[in-house]
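**Q** Below is the sequence, then the predicted model.
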Amino acid sequence: MTDALNTGLTGEWCWHTLEAGAKRLENIDVAGIFDEIADTLELKGENPFRIRSYRRAARVIHDMPDDVKRLVETDELTGIQGIGESLAEKIVDIVKTGTCDFYEEIKKDPAYNLTAFMNIPGVGAKLAVRLNKELGVKTIDDLEKAAKAGKLRSLEGMGEKLEEKILKGIEQYRRHIGRFRIAEALTRAEAIVSILSEVKGVTRIEIAGSLRRRKETIGDIDILVISRTPDRVMDAFTSMTTVADVLAKGDTKSSVLLRSGIQVDVRILPAANYGSALHYFTGSKDHNVAIRDRGKRMGLKVSEYGVFDVKTERNLGSKTEAEVFKAVKLPFIPPELRESSGEFEAAEKGTLPNLIELKDIKGDLQMHTTGSDGANSIEEMGRFAKTLGYKFIAITDHSKAVRVAGGLNDKELAAHIKAIRKANSKVPGIEIMSGVEVDILADGSLDISDEVLADCDVVVAAVHSKFNMPEQEMTARIITGISNKNVNIFAHPTGRIINEREPYNVNIETLISEAKKSKVALELNSHPDRLDLKDIHCRQAKDAGTMISINTDSHADQQLTNMRYGIATARRGWLEAKDVINTYTLARLRKFLEKQG
DNA sequence: GCCGTTTTCGGCCCGACTGTTTTCAGTCG
């Protein structure tokens, strides 16, 4: 790997994550196929346990850190919990050929065409089949028409409310269609960068677009390349095994559709105007409009080819992004801030934030172990955290209200705290703090007694039930919960799951100000499906002086590396190291936890 | 389809919630 090669990622995690990204590609593909098979089998009314096996295998493969391709080579697949002879055989075929016989068979089944319905919240397999059979609807458009015409209520056991629910579900589904979560987009983009960077003649390659700005969801992937050999780059790009369709292939621009449905554009650029092109293709659109407007007022013309003096036509900056900004008399604005949401004003005033970086993080304050629904022991979590250079972590298993996750009651938590202390003494060089993710019940009370909570180093409070309370009630419930003197952090504050579940009704402004009063930090949950608080709320919290805790909520040791997504969102939320409690030294953190700092 | 001091068959998590209906089926996590 050469220095000239720049992936657009900041700092030290560049190559480390690139490798991880390249590894995971086939895992996602296998998982996607198994999920489609599971959906189709469910629609066909097959054995629910057989369906569960496919879903479980899909999840295991998706989440595991190991490269499924490597496991095929070393014949280790059947050693994995949830993968037996039959699934292993299919995985081998998929990795080698991109598909397997059973999947091809499934795709021919009429039920396969109904899998789209299952993406609508509130519609499961049974309902999808009935709607298809009794109303003849084949597409989501059909379903929408039928619901709007009031045809659903004529069916037995269905009423007006269900019609409304389905229409709302369709609306939600449409809003999200075509947008991919950052983790999937980044993983795929990094894998492509890895492949293309091996092509002879490539001197620079970089991710641009909304992915470079680290938006939580991404429409398509843009990759910019400097190369002496455009033909070779385009050949390598369009012949990747993950390509489903080549939409365009030229000397300077090619587009493909990946099997996963993501469109990827690759552009070959001349080195001379790489900086202005990178700036242009990074966006956002609004940011570009604003910077062109600014240039115009200064007698300059800004385009992807450079910043030109209108009179003399002299090029004032195009080789690097820094040159472009300098030409319009601005300091460098980090990609994450380029949303035309105040970055120009801050740049003018010299008040751009010194954005937080991954290396600022000294520990992670929310994670699970085998004590509830995690995959690893306390010690294992501690040892892995240590390899990340962390100085401290907090073990925060669920409380009893979250029954499906094996939540702990008072007595079990008390014993767990002892186990954590014991583990702490066994892993030198890192402080493993005791904690809990305690549920805030519907009435605002906590699911663990004050007595036991007081014994924890870190108390993370969270909502996991009754998501649909009206705003006032939900806000009051949360405020009551976090005003308990033992609570330190409020986890995933809005409860949203990106592309899947809307946030519950909580008044963010009230929550932010009450959290500050109670000396409670709001969590920025780093799980790429959550990213909760989201960017704009982080900025609101920062402006109000409410502290943030960036945690991974890991359920397995490898997930601790999800911190990168939390950092990405934090940067989009203008956060600096000083706004985040897990950049503190252990001594200072303890003061905060004791509500003295 | 997976798994095993209930091991080659038979069990596999289960409670909350919703919309509908009055005892339940479907969806979700």
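**A** Alright, I've got the coordinates.

**Q** Out of the helices and strands in chain A, which is least certain?
**A** helix A:14-43 (a mean of 68; mean pLDDT, DSSP states H and E).

**Q** Can you tell me what sits against the helix or strand just after that helix?
**A** Note on helix A:14-43: by DSSP states H and E, the next helix or strand toward the C-terminus is helix A:48-63. Here helix A:48-63 makes contact (Cβ atoms under 8 Å, 6 or more residues apart in numbering) with A:27-28, A:30-32, A:34-35, A:37-38, A:41-42, A:68, A:80-83, A:87, A:91, A:556, A:559. For the C-beta atoms, the positions are set from N, CA and C on the backbone; glycine is no exception.

**Q** Can you name the next helix or strand after helix A:48-63?
**A** Moving toward the C-terminus from helix A:48-63, the next element (DSSP H and E) is helix A:68-73.

**Q** wait, does the next helix or strand after that following helix contact DNA strand B?
**A** As assigned by DSSP H and E, the chain's next helix or strand after helix A:68-73 is helix A:85-97. Yes - Helix A:85-97 comes into contact with DNA strand B (Cβ under 7 Å from any atom of the strand), by way of A:85-88.

**Q** now swap in stretch A:406-425 and tell me
**A** No - with Cβ under 7 Å from any atom of the strand as the criterion, DNA strand B is not reached by stretch A:406-425; the gap is at least 9.0 Å.

**Q** so for that stretch, what's the average pLDDT?
**A** On average, the pLDDT along stretch A:406-425 is 93.

**Q** quick one: buried residues of that stretch?
**A** A:406-408, A:412-414, A:416-417, A:419-420, A:423-424 (16 or more other Cβ atoms under 10 Å).

**Q** re the thing from before, make a PyMOL selection of whichever of the residues of helix A:85-97 next to DNA strand B turn out to be buried.
**A** Only the buried members of the residues of helix A:85-97 next to DNA strand B enter the following PyMOL selection, criterion being 16+ other Cβ under 10 Å:
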select buried, chain A and resi 87+88
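
**Q** Kindly present the residues of helix A:85-97 next to DNA strand B as a markdown table, with separate columns for pLDDT.
**A** Written out in a markdown table, the entries for the residues of helix A:85-97 next to DNA strand B read as follows (pLDDT from 0 to 100):
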| residue | pLDDT |
| --- | --- |
| A:85 | 91 |
| A:86 | 93 |
| A:87 | 95 |
| A:88 | 94 |
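
**Q** got CSV for the residues of helix A:85-97 next to DNA strand B, with distance to residue A:146 too?
**A** Shown next, in CSV, are those (distance: Cβ to Cβ, whole Å):
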residue, distance to residue A:146
A:85, 44
A:86, 39
A:87, 37
A:88, 42
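
**Q** which one among the residues of helix A:85-97 next to DNA strand B gets closest to residue A:259?
**A** For these, the closest approach to residue A:259 (Cβ to Cβ) belongs to residue A:87, at 19.6 Å.

**Q** Excluding chain neighbours, give the residue nearest to the closest one in space.
**A** Take residue A:87 and drop its neighbours on the chain: the residue closest to it by Cβ to Cβ, 6 or more residues apart in numbering is residue A:57, 5.1 Å away.

**Q** Provide a list of residues in contact with the residue of the stretch 151-300 of chain A found nearest DNA strand B.
**A** Nearest to DNA strand B, among the residues of the stretch 151-300 of chain A, is residue A:159, at 2.2 Å (Cβ to the nearest atom of the strand). Residue A:159 sits next to residue A:153 when contact means Cβ under 8 Å, 6+ apart.

**Q** roughly how far apart are it and residue A:152?
**A** Residue A:159 is 8 Å from residue A:152, where distance means Cβ to Cβ, to the nearest Å.

**Q** One more: residue A:299?
**A** 62 Å.

**Q** So which of these two has more stuff around it?
**A** residue A:152 (25 against 11; other Cβ atoms under 10 Å).

**Q** surely residue A:551 meets residue A:367?
**A** Yes - using Cβ atoms under 8 Å, residue A:551 makes contact with residue A:367 at a distance of 7.5 Å.

**Q** helix or strand for the residue lying closest to residue A:526 once chain neighbours are set aside, which one?
**A** Leaving out its chain neighbours, the residue that sits closest to residue A:526 by Cβ to Cβ, 6+ apart is residue A:566, at 2.9 Å. Here residue A:566, judged by DSSP H and E, is contained in helix A:563-572.

**Q** now that helix: mean pLDDT?
**A** 96.

**Q** After that helix, heading C-terminal, what element do we hit next?
**A** Heading C-terminal from helix A:563-572 (DSSP H and E), you reach helix A:586-593.
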